[in-house]
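Engineer: Kindly return the folded structure for what I paste below:
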Amino acid sequence: MSPLHRDRWREIDPLLDELLDAPPATRAARLEDIKAEDPELAEELEHLLRAEENSLAMFDSPVEPPTIGGGDARPDDRRLGSTVAGYTLVRQLGEGGMGTVYLAEKPAEDFRHRVAVKLLKTDGPGDALMERFRDEQRILAALNHPNIARFYDGGLTEDRHPYIVMEWIDGTPIDRYCDEHQLDLDARLELVETVCRAVEHAHHNLIVHRDLKPSNILVTDDGTVKLLDFGVAKLLDPDNLDDHEPGTLTSMYGAPMTPEYAAPEQF
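Structural biologist: Next up, the predicted model:
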């Protein structure tokens, strides 16, 4: 922030606090007094007050989670039994605005190798959604941490749908895990510390997850924490990704977020 902007904010900040605490009638009268002395300052304050009112209204009413790409929320079994990257899709694990995740397996000599396969929901390759999915592939490939679900493979299916093959985590959302195992405060904080280390690794790679929530943080039976789903992640330095077109990660295609857990500024 420039010195000029800092000085302006020092002027605005106490006035904004005063107006937010004032009853509506008092607020209107005080704004008129400020407008008489400094119309530009009054306009800035009115803008900030409107933004505050809009944000409160958002939280006071039910919000349906926006999605990217639409699509039917009901389970889609049409792909079950098909093969992706040598793995057979056996059941659906979850579905979001951008893709559907399946449990898949590949028989080996003495065991079955199980993975999670994420398939993009789109009708064609030439759209922004496709580019975001490719970005997710690149982001996952750049991360290597014991508490982040591993990336195995990515590409296109025969019918030109992008896919990601990831480590399958047989776990429980972190909030449910804590309750079911009746963890005390220290044990809960240890789990949170582990999550923070995984997030820190992403931040060191200039990647912001942007969708941290219990369903994206699983804990296995042995207490291992795994961070999942970088589908709406943002890369702060696109040059870190090979063959990446500048600017594609800075736009919010359909404002993807989970309202219950999104940061206020995402609204």
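
Engineer: Looks to me like residue 211 is in a helix.
Structural biologist: No: under DSSP: H, G, I helix; E, B strand; the rest coil, residue 211 sits outside any helix and is assigned coil.

Engineer: Let's see the pLDDT reported for it.
Structural biologist: The predicted local confidence for residue 211 comes out at a pLDDT of 78.

Engineer: For residue 229, which non-adjacent residue is closest in space?
Structural biologist: Leaving aside its chain neighbours, residue 229 sits nearest to residue 216 (4.7 Å; criterion: Cβ to Cβ, 6 or more residues apart in numbering). Glycine gets a C-beta too; all of them are placed from N, C-alpha and C.

Engineer: Number of residues surrounding the one you found?
Structural biologist: Other residues within reach of residue 216, judged by other Cβ atoms under 10 Å, total 20.

Engineer: Give the rounded mean pLDDT of stretch 161-175.
Structural biologist: Averaging the model's pLDDT scores along stretch 161-175 yields 87.

Engineer: actually stretch 219-227, not the one I wrote
Structural biologist: Stretch 219-227 shows an average pLDDT of 92 in the prediction.

Engineer: swap in stretch 36-45?
Structural biologist: 89.

Engineer: re the thing from before, identify the residues contacting the residue nearest to residue 229.
Structural biologist: Applying Cβ atoms under 8 Å, 6 or more residues apart in numbering, one finds that residue 216 lies in contact with 209, 227, 228, 229.

Engineer: And the residue positioned nearest the centre of the chain, its phi and psi?
Structural biologist: Centroid-nearest residue in the chain: residue 211, 2.3 Å away (criterion: Cα atoms, centre = their mean). Backbone torsions for residue 211, taken as degrees, to the nearest 10, come to phi -140, psi 50.

Engineer: and if you look at residue 183?
Structural biologist: When quoted as degrees, to the nearest 10, the phi and psi of residue 183 stand at phi -70, psi 140.

Engineer: Now for it, how many residues are close by?
Structural biologist: 16.

Engineer: okay, it: pLDDT?
Structural biologist: 94.

Engineer: And residue 238, by the same measure?
Structural biologist: Per-residue confidence at residue 238 stands at 57 (pLDDT).

Engineer: ok, the residue nearest to the centre of the chain to residue 186 distance?
Structural biologist: Here residue 211 is placed at a distance of 27 Å from residue 186 (Cβ to Cβ, to the nearest Å).

Engineer: what's the answer for residue 90, then?
Structural biologist: Taking Cβ to Cβ as the criterion, residue 90 is separated from residue 186 by 39 Å.

Engineer: who has more neighbours, these two?
Structural biologist: residue 90 (15 against 7).
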